[in-house]
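**Student:** from the sequence below, what's the structure:
(chains A and B)
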Amino acid sequence: MSIVPQLVANSLIAGSLYALVALGFNLIFSTTKFFNITHGVISAIGGYGVFYFAKKLGWGVPVSILAAIAIAAFVGWLTDYFVFRKMRAKKSSSMIMLVASLGLFTAIQAVIAIFFSSQFQTLPALVTGRVEIFGAIFTSIQIVILATTVVITLGLAFIIKKTKFGKAVQAVSDDVEVAQIVGIKSDVIIGRVFIIGSAIAAVAGIAIGFDTGIEPTMGMSLLLKGVIASIIGGVGNVFGGVLGAFLLGFVENFGIWKISGEWKDAIAFGLLIVFLIFRPQGMFKKK
Amino acid sequence: MEYIIHLLILISIYSILSMSLNLIVGYAGLLSVTHAAFYGVGAYTTAILISRYETNFFLTAIAGAIIAGLLALLFGLILKRFKADYYALVTFGLNIIVFSVFLNWQELTRGPLGIPGIDRPELFGFVFKENIFFLVLVGLVAYAIYELIEYVVKSSFGRTLKALREDEVTTEVLGYKTENYKMVTFSLSAALAAIAGSFFASYITFIDPSTFSLDESIFILSLVILGGLANSRGVFWGTVVLILLPEALRFVGFPTDIAAQMRQVVYGLLLVFLMMYRPRGFMGKYRL
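**Tutor:** Residues are numbered from 1 along each chain as shown, chains lettered A, B, ... in the order given. You can find the predicted model right below:
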């Protein structure tokens, strides 16, 4: 039996997790133009939300998922409302906003660790069983994750391309000042972008929770993968990030075919640096 | 008393780290988040040379500084292509790659098992075994590094550095090779961080990769930003406050691990408020 189908399967699953993070990260970046590190810990909030509601309070798993997404989206909105919106008003540089988001990230991650300990935790099963496709074994939850990623990507594409809100988002990402001149309330739009982006980040964190498990520090590595995917796909190009995520998933998983799995992160950053040096605009040139 | 000496030793080691990072972030204006990588290079050089070859501590510290300095030159070749937030992001990546090497190059570093049995420094037959003597040694080294940094930033080299931080194009037009200035500064800063790493390894006598992760780099960066960019004394006081903070929290009655997390909450929120209302830090002379 060849190992290749399983590697493809693993690449697809990793790719879809990264794609979810990259979608939200890119959406926020496209309108605010700074690297929002806090985005990573929002994923952890999603995972821990399900843990708290389903395991500690004994709620049903589907209800817990919805509640966790809502909380993560709310926290994402709070970070914008109380911090980033004020910094935008002061015209803070993107570097200052990056450091502020790093601070928020550190603080929220520590709060999670205080309440839930630094231990690795598992979530109760959403679905059980496994299926074999073309010689690769998927657990049922992995099939759910793949399907969810496809649905969210298409749903977001619809919102951005077809709705009035999506047009406003595009206007804000093209030029905030011009958008304001034609009557778009950019702060309201960006606030909603934070809500949507954070909700998607929460889905990523929850997916990881069901697939493997959760720990307070999960946010940083997940975020960095999302950022790498975004840069490979072209920062601010919301759907380029999805393809970048799958490319990253494949490179990582095939990269560790011959060398040990712990090198995954090094491979991912190696890929990033290669891209930044030779193709800084990403795979798809925007404009 | 032992406890106070322990804290003073930690403050000395972290002052070396924060003052040296300040060269890059405060004086050259480059947001580097990879300082723990160089800190680790120093610590591992000392640990490996002492535990395997019984080399003298001071030679290992010099070797560590040279290796870290050369590594920084190599990184500089990559980093010179980037500015501002992309620069920060690439330094994240470099830290994670170096961390992976510490963790996975098991023949050299023993991976997650770490390296035990690192001896204390020895000079002309005198062993700095007692913590009080170790403190005197590392305190003196930290002070020498403070003076060195003050000398560098007040020299014409330092003035050029501040000029390129404020306006790189103009500085270049005036005939300064700004890239070389940045490379040399980055390399010097890395070498000094490695010296801190050597002292850390020899003080704790055991190291493992977890000390040199990205989180540590973020912590060192916050020491610099809290105290004040481009101000060594400010950075020193920032270091004192953030090292003593978890101890103070422990005295108030928080358990050790909660106190460590509380420190994260406090310095995380401090970073946010400083960025919002005072982006130069409490005593800073430069804003990001």
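**Student:** for the residue nearest to the spatial centre of chain B, which residues are in contact?
**Tutor:** Among the residues of chain B, B:Leu17 comes closest to the average C-alpha position under Cα atoms, centre = their mean, at 2.6 Å. Taking Cβ atoms under 8 Å, 6 or more residues apart in numbering or on different chains, we find B:Leu17 in contact with B:35, B:39, B:193, B:196, B:220, B:223. Glycine gets a C-beta too; all of them are placed from N, C-alpha and C.
**Student:** hmm, try it at 6 Å
**Tutor:** Neighbouring residues of B:Leu17 by Cβ atoms under 6 Å, 6 or more residues apart in numbering or on different chains: B:193, B:196, B:220.
**Student:** could you say which helix or strand holds it?
**Tutor:** Applying DSSP states H and E as the criterion places B:Leu17 in helix B:2-22.
**Student:** got the buried residues for that helix?
**Tutor:** If you call a residue buried by 16 or more other Cβ atoms under 10 Å in any protein chain shown, then helix B:2-22 has these buried ones: B:5, B:8-22.
**Student:** for chain A, which residues are neighbours of chain B?
**Tutor:** On the criterion Cβ under 6 Å from any Cβ of the partner chain, chain B has as its neighbours in chain A the residues A:35, A:83, A:94-96, A:98-100, A:103-104, A:106-107, A:110, A:113-114, A:262-263, A:265-266, A:269, A:272.
**Student:** make a ChimeraX selection of the buried ones in the residues you listed.
**Tutor:** Selecting only the buried members of these in ChimeraX, with burial defined as 16+ other Cβ under 10 Å, works like this:
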select /A:35,83,94,95,96,98,99,100,103,104,106,107,110,113,114,263,265,266,269,272
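**Student:** in strands, which of the residues of chain A next to chain B appear?
**Tutor:** Using DSSP state E, no member of those sits in strands.
**Student:** how far out from the middle of the chain is stretch A:25-41?
**Tutor:** 10 Å (Cα atoms, centre = their mean, to the nearest Å).
**Student:** and that stretch, what's its mean pLDDT?
**Tutor:** Stretch A:25-41 shows an average pLDDT of 91 in the prediction.
**Student:** contacts for that stretch next, please.
**Tutor:** A:79, A:94, A:97-98, A:101-102, A:104-105, A:108-109, A:172-173, A:190, A:193, A:197, A:201, A:219-220, A:222-223, A:226, A:230, A:235-236, A:238, A:241, B:85.
**Student:** quickly note the distance from A:Ser140 to B:Ala63.
**Tutor:** According to Cβ to Cβ, to the nearest Å, A:Ser140 stands 54 Å off from B:Ala63.
**Student:** for B:Ala230, which three-state class applies?
**Tutor:** When the structure is reduced to helix, strand and coil (DSSP: H, G, I helix; E, B strand; the rest coil), B:Ala230 reads as coil.
**Student:** what sits against the closest residue to it other than its chain neighbours?
**Tutor:** With Cβ to Cβ, 6 or more residues apart in numbering or on different chains as the measure, B:Gly26 is the residue that lies nearest to B:Ala230, at 3.6 Å, once sequence neighbours are left out. Applying Cβ under 6 Å, 6+ apart, one finds that B:Gly26 lies in contact with B:229-230, B:286.
**Student:** neighbour count and pLDDT for those - can I get that in TSV?
**Tutor:** Formatted as TSV, these follow (neighbours: other Cβ atoms under 10 Å in any protein chain shown; pLDDT from 0 to 100):
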residue	neighbour count	pLDDT
B:Leu229	24	83
B:Ala230	26	80
B:Tyr286	19	75
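**Student:** now the residue nearest to B:Ala230: how far from chain A?
**Tutor:** 13 Å (Cβ to the nearest Cβ, to the nearest Å).
**Student:** could I get the full set of helices for the chain?
**Tutor:** With no chain named, the answer covers chain A. Defined through DSSP state H, the helices belonging to chain A, from first to last, are A:4-32, A:38-50, A:61-79, A:85-89, A:94-116, A:140-162, A:164-174, A:176-181, A:186-211, A:218-233, A:240-255, A:264-278.
**Student:** please go with chain B instead
**Tutor:** B:2-22, B:35-53, B:57-79, B:84-104, B:106-109, B:131-154, B:156-166, B:168-173, B:178-204, B:214-227, B:232-251, B:256-277.
**Student:** so the shortest one, near chain A or not?
**Tutor:** No. Contact check for helix B:106-109 against chain A, using Cβ under 6 Å from any Cβ: none in range, with a minimum separation of 9.3 Å.
**Student:** now that helix: buried residues?
**Tutor:** For helix B:106-109, the buried set under the neighbour-count rule, 16+ other Cβ under 10 Å, comprises B:Thr109.
**Student:** name the residues that touch that helix?
**Tutor:** B:44, B:102.
**Student:** got the CA positions of it in PDB?
**Tutor:** Listed next in PDB are the C-alpha coordinates belonging to helix B:106-109 (Å, rounded to 0.1, in the frame of the first residue of the first chain):
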ATOM      1  CA  GLN B 106      19.100  15.600  18.600                       C
ATOM      2  CA  GLU B 107      22.700  14.500  18.100                       C
ATOM      3  CA  LEU B 108      23.900  17.900  19.000                       C
ATOM      4  CA  THR B 109      21.300  19.300  21.400                       C
END
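**Student:** report how many residues lie close to the nearest residue to B:Arg81 once chain neighbours are set aside.
**Tutor:** Taking Cβ to Cβ, 6+ apart, and ignoring the residues beside it in sequence, B:Arg81 has A:Ile277 as its nearest neighbour in space, at 6.3 Å. Other residues near A:Ile277 number 13, with proximity taken as other Cβ atoms under 10 Å in any protein chain shown.
**Student:** same check, this time on A:Phe120
**Tutor:** For A:Phe120, the tally of surrounding residues (other Cβ under 10 Å) stands at 12.
**Student:** and for A:Phe278?
**Tutor:** If you count neighbours by other Cβ under 10 Å, A:Phe278 ends up with 7.
**Student:** and for B:Ala65?
**Tutor:** Other residues lying near B:Ala65 total 25 when counted by other Cβ under 10 Å.
**Student:** run through who's touching stretch A:64-79.
**Tutor:** Residues contacting stretch A:64-79 (Cβ under 6 Å, 6+ apart): A:38, A:42, A:45-46, A:49-50, A:53-54, A:104, A:191, A:194-195, A:198-199, A:202, A:206.
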